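Peer 1: need the 3D shape of this:
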Amino acid sequence: MNKEKCLDLFERYLLNQASDEEVASLYSFIQNDPDLNRWLENEIKNSSPEIDEKVKKRMLNHIQSQINEEKKTKRIRSQTKQSNKYSLRWIVNVAAILLPVVLMVGVYFYSQTQEVDYLTVSAGMGEKAGLSLPDGSKISINSGSKVIYSTAYNKEERILELHGEGYFEISPNPSKPFIVQCGDIKVKVLGTVFGINAYDDDSTISVVLNSGKVEFISPRESLIMQPNDRVTYNRDTQQIHTEKVNAEDYMDWRQNRIRFENETLEHIMKVISRMHNTDIVFDDTQLAQQKFTGTINNVSVQSALKALSLTAPIRYEVRNGVITLFEDKEAVQYFK
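Peer 2: Prediction:
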């Protein structure tokens, strides 16, 4: 490989445009040709300061993107220990040959990712789960929910991710605030009891505070919540709505009870679907938007639907394990 081709290929590599074969070829030549190695390093060092900084920045960004991807992979499959053919270790080796300054940054971040693994506790559809954290905090999670946290939890900080719905009893520690990340919002606490509903497929995230004090942090603003405050955040508009409620009403799911107030039938069926691990679909979009207020105790899906049919013209069919809801045309006249 001539010098011009080597430099061009290295540039393509930094821009993430090189194929696996080209990357392997570049690595092989750099490793096995000391003259080429020295020449390439001199080319970078002797570049104008502006070009040199661009190259360094490109390499740094590339390393950090690989680290972030590796972190993401660990969160999803924390048991997977094998790295890909061209792993972060390979990237750092190339950086060691070409850019010692960037190497120090890369090795630092790499060592951090190696020391930290992630644990996931999840509750399947129709199930619930609980966990106790190293600091004594306790979490209950609802059907179809999961919590992700680092094995380094409570060493320097207390941070976790919630996907779904959870009830939190947090041990006080003013020096280490407890932070729950839900998409682009955070809930920061010192020691308190609260609930969060943040399912990935819902357009809103809600936080209800039972006791203590928490800080609700969104991309646009933050606010301090007091007991019996309920904050609802719209993911699409980033708007926040606050209201006073009876906080215990929003924790009924722990007793397999659903309480809803002026909620659409679509939302209610989504909750029931998670609770009973059942597929529920609508034949009529208008029916899905009808609103209801009431309480459903721990009963079967069919019993819940029968109860709802007493207050609205609803009928349903069960076929191949899927429940389909229809508007009962004959019963419409009785609900006008």
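Peer 1: would you mark the buried spots in stretch 121-128?
Peer 2: Using 16 or more other Cβ atoms under 10 Å as the test for burial, stretch 121-128 gives 121, 123, 128. In this view, the C-beta of every residue, glycine as well, is placed from N, C-alpha and C.
Peer 1: where do the strands sit along the stretch 151-300 of the chain?
Peer 2: Assigned by DSSP state E, counting those that start in this stretch, the strands in the stretch 151-300 of the chain fall at 158-169, 178-182, 185-189, 193-198, 204-211, 214-217, 222-225, 229-234, 240-244, 258-264, 279-282, 291-296.
Peer 1: the second one pairs with which strands, and in what direction?
Peer 2: Neighbouring strands of strand 178-182 in its sheet, by DSSP bridges, are strand 158-169 (parallel), strand 185-189 (antiparallel).
Peer 1: contacts for stretch 194-207, please.
Peer 2: 144-145, 162-168, 180, 182-183, 185, 187, 208-210, 212, 214, 216, 225, 230-236, 247, 250-251, 270, 274 (Cβ atoms under 8 Å, 6 or more residues apart in numbering).
Peer 1: got the end-to-end distance for it?
Peer 2: End-to-end distance of stretch 194-207: 7 Å, with Cα to Cα, to the nearest Å as the criterion.
Peer 1: also stretch 249-263?
Peer 2: Stretch 249-263 end-to-end distance (Cα to Cα) = 14 Å.
Peer 1: how close does residue 193 sit to residue 218?
Peer 2: Residue 193 is 22 Å from residue 218, where distance means Cβ to Cβ, to the nearest Å.
Peer 1: can you say which helix or strand has the nearest residue to residue 283 once chain neighbours are set aside in it?
Peer 2: The shortest distance from residue 283 to any non-neighbouring residue, by Cβ to Cβ, 6 or more residues apart in numbering, is to residue 326 (4.7 Å). Using DSSP states H and E, residue 326 sits in strand 322-327.
Peer 1: in its sheet, what does that strand sit against?
Peer 2: Sheet partners by DSSP bridges: for strand 322-327, these are strand 279-282 (parallel), strand 314-319 (antiparallel).
Peer 1: dump the strands of the stretch 151-300 of the chain to a markdown table, plus mean pLDDT, distance to residue 9 and mean neighbour count.
Peer 2: As requested, the strands of the stretch 151-300 of the chain are exported to a markdown table (pLDDT from 0 to 100; distance: least, Cβ to Cβ, whole Å; neighbours: other Cβ atoms under 10 Å):
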| stretch | mean pLDDT | distance to residue 9 | mean neighbour count |
| --- | --- | --- | --- |
| strand 158-169 | 96 | 39 | 22 |
| strand 178-182 | 96 | 40 | 21 |
| strand 185-189 | 94 | 43 | 20 |
| strand 193-198 | 96 | 45 | 23 |
| strand 204-211 | 96 | 46 | 20 |
| strand 214-217 | 95 | 45 | 20 |
| strand 222-225 | 94 | 48 | 15 |
| strand 229-234 | 96 | 47 | 19 |
| strand 240-244 | 96 | 50 | 12 |
| strand 258-264 | 86 | 57 | 15 |
| strand 279-282 | 92 | 51 | 14 |
| strand 291-296 | 85 | 62 | 14 |
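Peer 1: select, out of these, the one closest to residue 309.
Peer 2: strand 291-296 (11.3 Å; Cβ to Cβ).
Peer 1: restricting to C-alpha, output whatever helix or strand comes next after the closest one in PDB.
Peer 2: Counting by DSSP H and E, the next helix or strand C-terminal to strand 291-296 is helix 301-309. Presented in PDB, the C-alpha positions along helix 301-309 are these (Å, rounded to 0.1, in the frame of the first residue of the first chain):
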ATOM      1  CA  VAL A 301     -60.500  -9.300  31.100                       C
ATOM      2  CA  GLN A 302     -64.000 -10.600  30.200                       C
ATOM      3  CA  SER A 303     -65.400  -9.500  33.500                       C
ATOM      4  CA  ALA A 304     -63.900  -6.100  33.100                       C
ATOM      5  CA  LEU A 305     -65.400  -5.800  29.600                       C
ATOM      6  CA  LYS A 306     -68.800  -6.900  30.900                       C
ATOM      7  CA  ALA A 307     -68.600  -4.200  33.600                       C
ATOM      8  CA  LEU A 308     -67.700  -1.600  31.000                       C
ATOM      9  CA  SER A 309     -70.600  -2.700  28.700                       C
END
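Peer 1: buried residues in helix 301-309, which are they?
Peer 2: 301, 304, 305, 308.
Peer 1: hang on, the last one packs against residue 291?
Peer 2: To tie it back to what came earlier, the one meant is residue 308. No: if you go by Cβ atoms under 8 Å, residue 308 and residue 291 don't touch, sitting 11.7 Å apart.
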